[in-house]
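Undergrad: build the 3D model from these lines:
(one chain, ligands or ions: 2)
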Amino acid sequence: MPLSARRRHGGEVSVPARPHLCPGTGKTGTNTVSSCVLIGNGWNTYDTLAFGDVNADGRTDPVGRDSGGDLWVYPHKGDTGTDALDSRVFIGNGWWPANWTTIRLADLNDDHKIDIIGRADKGDLHGYVNAMSTDGTIIFDNL
Ligand SMILES: [Ca+2]
Ligand SMILES: [Ca+2]
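TA: Ligands and ions are numbered 1, 2, ... in the order given. The predicted model follows:
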């Protein structure tokens, strides 16, 4: 189910301060999503969001980058409304907006765990593999 976000130019997504969850209906056109539900407050502290199942539990989790270049994941608990997301978990640093123009999540090595792809300011693309430990600690290593 997608979180609502407004697109800006260049493929960046502006982060609303009060994100809403707009459940998909399986229909098309203007009936693609149903009524949106508020799922959080204060998300304007993040300049960008990415989405993927970071903790490999089958639910999509939002990842936000703060102004200090830290990445945080909010594990989706499967609940609804403002109880939908668990407390944030730190998953990386050094992702300053001036150095990393784009951050995306995808499974780069086909191990069913979401990895991080970053585009650096000079255009180089870097991959960081999700090396989650058996106790669920999320760690990303160079690809
Ligand atoms: Ca998840
Ligand atoms: Ca992977």
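Undergrad: against which helices or strands is the host helix or strand of residue 63 packed?
TA: In this assignment (DSSP states H and E), residue 63 forms part of strand 61-66. In this structure, strand 61-66 makes packing contacts with strand 46-52, strand 71-73, strand 100-106, judged by 3 or more C-beta pairs under 8 Å, 6 or more residues apart in numbering; DSSP states H and E. C-beta coordinates here come from the backbone N, C-alpha and C atoms, glycine included.
Undergrad: could you report the neighbour count for residue 119?
TA: Applying other C-beta atoms under 10 Å, we find 15 other residues in the vicinity of residue 119.
Undergrad: does it count as helix, strand or coil?
TA: When the structure is reduced to helix, strand and coil (DSSP: H, G, I helix; E, B strand; the rest coil), residue 119 reads as strand.
Undergrad: once you drop chain neighbours, what's closest to it?
TA: Spatial nearest neighbour of residue 119, chain neighbours left out: residue 102 (4.0 Å); criterion: C-beta to C-beta, 6 or more residues apart in numbering.
Undergrad: is it correct that that neighbour is in contact with residue 118?
TA: Yes: between residue 102 and residue 118 there is a contact at 6.8 Å, judged by C-beta atoms under 8 Å.
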